[in-house]
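Engineer: what's the 3D shape of this:
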Amino acid sequence: MLEYLRIRNLALIEDMELEFEPGMNALTGETGAGKSFILKALGFLLGDKLSADMVRAGAERAQVEALFTLEDEDIVLRRELLAETGRSRLYINDELRSQDSLRDLRPRLVAHTSQHAQQKLLQPAVQARLLESGLEQPELLLKRDALLSRLTETAAQRKALLERQAGLAEKRELLEMQQQEIDKVAPEDGEEERLEEVRAQARSLESVRENYEQALSLLHGDDSEGLLDLLGNFEKVLTRMAKEDESLKPDADAVTALRQQLSHLGGRLRRPPQMEDMHDMDQVEERLFALAQLKRKLHRTLPEILSLRDEITENLSFLDVCALDLARLGREEEALILDLSTLVEKIIPIRRKAALALASALEEELRQLGFSEQVQVIPHFEKQEIWPGVMDERGRILWAPNPGQPPQPLDKIASGGELSRFLLALASVRQDGENAIFIFDEVDAGVGGLTLNKLAEKLYALAASRQMLLITHWPQLAARARKHFQISKTVRDNATFTFCRPLDKQARHAELARMAGGGAQGEAVAHSLEI
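Structural biologist: Predicted coordinates:
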């Protein structure tokens with residue numbers, strides 16, 4: 001039940017509060033007064049989209065909030081529309097929520113029955129769902145949809161496998177050739193970098209050895225005397241000189257010490273540094289050359305070649321086992337098709353039974369709404385292939401509103417007024433959303449005379465068990481309302497405002513008289529309706 005609705009800064013509405021009663025609540029007013037804005041506000045609150053230009057001029061945001069009561073549970077909804085960005089925010093019980101939160105909640109709150117719903121009723125898909133709505137075992141439909149979903153998924157997997165198989169089969173020879181080239185060299189991860197480092201170390205060590213050899217050559221000489229020989233001769237001469245000149249004794253000792261030090265150095269120079277891990281450099285160079293050739297052949301870096309090796313292995317393995325996977329999926333698909341066929345055969349008679357029951361109930365309701373006693377609602381089923389080799393039935397509503405008239409599709413012959421009453425009849429017989437408020441937006445369009453009175457009686461009877469929000473231009477309908485609101489529009493300070501006020505007994509009488517045409521005739525009609 002909808003207990004309270006507040007709308008602020010939406011279109012022509014500045015600030016409007018409505019408190020509803022159980023049963024029928026009527027909204028009336030002149031054409032263009034703004035009744036549709038109230039429904040737009042309620043639709044926006046329940047998930048419909050509104051553009052930013054619906055925010056009242058000069059306001060930063062529009063806001064709609066409502067209090068619903070469902071089985072002793074209070075639900076407060078609030079939604080805001082920002083003028084600057086056009087974005088909206090939804091709050092459920094003061095908690096910020098996503099729009100998806102309304103998907104399951106909306107059908108429990110509102111059953112929106114309007115001209116838009118009439119147009120949906122003309123859609124064959126909607127009619128087909130209606131004819132399935134009273135199924136005794138609704139879980140069968142869920143199982144059918146689940147099987148179709150699994151079949152679709154299985155078929156997609158098979159298709160993907162076949163496409164991949166076809167693409168790889170054409171490249172198999174190339175893949176195997178590339179695999180042979182890679183296996184022949186058998187590169188390892190990081191191998192090239194390690195070998196390059198070994199080669200760099202070897203080249204650096206070779207330079208060091210050359211320096212050691214050059215130093216030894218200078219010390220000992222090759223074809224002539226070396227530094228040690230020259231220094232030894234110099235030492236001898238200087239020692240003789242020091243015997244005659246004591247001042248040269250320190251210099252002679254220094255030369256002797258230098259010769260001894262250089263002699264020790266020569267011993268060390270005969271032991272040049274060695275690599276910690278000895279490598280055969282010929283093998284290193286051969287391996288680097290093989291890796292370089294492989295990179296040139298495959299036009300890839302070594303890391304790319306390693307990735308290619310894994311990819312080739314995976315692709316060739318896929319080709320080897322693909323036939324098994326395809327066979328497995330084929331068996332799964334066959335089993336699913338068999339299950340689906342069996343299930344559809346079970347659904348068809350149950351669906352037909354449910355459709356006939358719905359049609360019978362609709363016929364009874366339509367008779368109460370002024371249609372002929374011979375009115376017929378006929379479920380019509382046509383074969384439909386829902387999967388290759390699996391035939392189901394798709395329902396469509398045919399009807400014959402007048403005696404002697406051949407049944408024709410509902411969407412081909414129904415007038416606006418007939419659709420309004422058909423929709424009301426449908427709302428009366430369907431049991432889903434039993435606590436949801438019915439919203440009838442000009443369900444009386446195209447209806448008049450005695451039929452209008454029958455429509456009023458049906459709405460009144462429906463309102464005895466369901467809360468109803470009714471927008472109407474007919475006093476015969478508004479007079480049945482438990483609570484009556486008048487929507488009006490006024491201009492103040494060059495700005496237009498839409499107002500809504502609940503009517504007391506006197507104001508209600510005046511509104512009914514206006515709706516009946518005003519004057520003495522309107523007064524008479526208003527009095528007759530109030531009796």
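
Engineer: okay, and the helix or strand of the protein with the least pLDDT?
Structural biologist: Taking mean pLDDT, DSSP states H and E as the measure, the chain has helix 115-121 as its least confident helix or strand, at a mean of 68.

Engineer: may I see the buried residues of the one helix or strand residue 422 maps to?
Structural biologist: Using DSSP states H and E, residue 422 falls within helix 416-429. Residues 417-429 are the ones in helix 416-429 that count as buried (16 or more other Cβ atoms under 10 Å). All C-beta atoms are positioned from the backbone trio N, CA, C, and that covers glycine.

Engineer: for stretch 127-143, same thing?
Structural biologist: Neighbour-count burial for stretch 127-143 [16+ other Cβ under 10 Å]: 127-128, 130-135, 140-141, 143.

Engineer: after the helix holding residue 422, which helix or strand is next?
Structural biologist: Following helix 416-429 in sequence order, the next helix or strand is strand 437-441 (DSSP H and E).

Engineer: and that next one, what other elements does it pack with?
Structural biologist: With contacts taken as 3 or more Cβ pairs under 8 Å, 6 or more residues apart in numbering; DSSP states H and E, strand 437-441 sits against helix 35-45, strand 110-113, helix 449-463, strand 468-471.

Engineer: lowest-confidence stretch among these?
Structural biologist: When these are compared on mean pLDDT, strand 110-113 scores lowest, with a mean of 70.

Engineer: all helices for the stretch 201-350 of the chain, in order.
Structural biologist: Using DSSP state H, counting those that start in this stretch, the helices of the stretch 201-350 of the chain run over 227-244, 249-269, 281-298, 302-368.

Engineer: want to throw the helices and strands packed on strand 437-441 into a markdown table with distance to residue 350 and mean neighbour count?
Structural biologist: Listed next are those as a markdown table, based on distance: least, Cβ to Cβ, whole Å; neighbours: other Cβ atoms under 10 Å:
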| stretch | distance to residue 350 | mean neighbour count |
| --- | --- | --- |
| helix 35-45 | 35 | 21 |
| strand 110-113 | 25 | 22 |
| helix 449-463 | 28 | 17 |
| strand 468-471 | 32 | 25 |
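
Engineer: nearest to residue 301, of the ones you listed?
Structural biologist: helix 35-45 (58.5 Å; Cβ to Cβ).

Engineer: so residue 42 makes contact with residue 6?
Structural biologist: No: with contact defined as Cβ atoms under 8 Å, residue 42 does not reach residue 6; the gap is 11.2 Å.

Engineer: okay, and the common contacts of the two?
Structural biologist: 64, 66 (Cβ atoms under 8 Å, 6 or more residues apart in numbering).

Engineer: what's the very next helix or strand once past the least confident helix or strand of the chain packed up against?
Structural biologist: Remark: after helix 115-121, the chain's next helix or strand is helix 124-132, criterion DSSP H and E. For helix 124-132, the packing partners by 3+ Cβ pairs under 8 Å, 6+ apart come out as helix 302-368, strand 390-400, helix 410-413.

Engineer: and helix 124-132, average pLDDT?
Structural biologist: For helix 124-132, mean pLDDT is 87.

Engineer: what distance separates that helix from the centre of its chain?
Structural biologist: Centre-to-centre, helix 124-132 and its host chain are 26 Å apart (Cα atoms, centre = their mean, to the nearest Å).

Engineer: under the pLDDT cut-off, which ranges of the stretch 401-531 of the chain? List them.
Structural biologist: For the stretch 401-531 of the chain, the stretches flagged by pLDDT under 70 are 413-417, 431-434, 442, 444-448, 531.

Engineer: phi, psi for the residue positioned nearest the centre of the chain please.
Structural biologist: Nearest to the centroid of the C-alpha atoms of the chain, with distances taken as Cα atoms, centre = their mean, sits residue 100, at 10.6 Å. Dihedral pair for residue 100: phi -60, psi -20, per degrees, to the nearest 10.

Engineer: how far away is it from residue 356?
Structural biologist: As for residue 100, its distance to residue 356 is 37 Å (criterion: Cβ to Cβ, to the nearest Å).

Engineer: what's the answer for residue 296, then?
Structural biologist: In this view, residue 296 and residue 356 are 79 Å apart by Cβ to Cβ.

Engineer: then residue 512?
Structural biologist: 42 Å.

Engineer: the more surrounded of the two?
Structural biologist: residue 512 (25 against 15; other Cβ atoms under 10 Å).

Engineer: got the contact list for that one?
Structural biologist: Taking Cβ under 8 Å, 6+ apart as the test, what residue 512 contacts is 475, 478-479, 522, 525-526, 529-530.

Engineer: dump those to a markdown table, plus distance to residue 227 and secondary structure.
Structural biologist: Output for those, formatted as a markdown table (distance: Cβ to Cβ, whole Å; DSSP: H, G, I helix; E, B strand; the rest coil):
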| residue | distance to residue 227 | secondary structure |
| --- | --- | --- |
| 475 | 133 | helix |
| 478 | 128 | helix |
| 479 | 133 | coil |
| 522 | 137 | helix |
| 525 | 138 | helix |
| 526 | 137 | helix |
| 529 | 136 | helix |
| 530 | 138 | helix |
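
Engineer: which member of the residues you listed is positioned nearest residue 333?
Structural biologist: Using Cβ to Cβ, residue 478 comes nearest to residue 333 of those, at 59.7 Å.

Engineer: distance check, that closest one against residue 369.
Structural biologist: Taken as Cβ to Cβ, the span from residue 478 to residue 369 is 18 Å.

Engineer: more neighbours: which of those two?
Structural biologist: residue 478 (27 against 21).

Engineer: quick check: chain neighbours aside, which residue is closest to the more buried one?
Structural biologist: Leaving aside its sequence neighbours, residue 478 sits nearest to residue 26 (Cβ to Cβ, 6 or more residues apart in numbering; 4.3 Å).

Engineer: which other residues reach whichever strand or helix holds the one you found?
Structural biologist: Element membership for residue 26 (DSSP H and E) is strand 24-28. Strand 24-28 is contacted from outside by 35, 38, 459-460, 463, 467-473, 477-478, 480-487, 500, 511, 515, using Cβ under 8 Å, 6+ apart.
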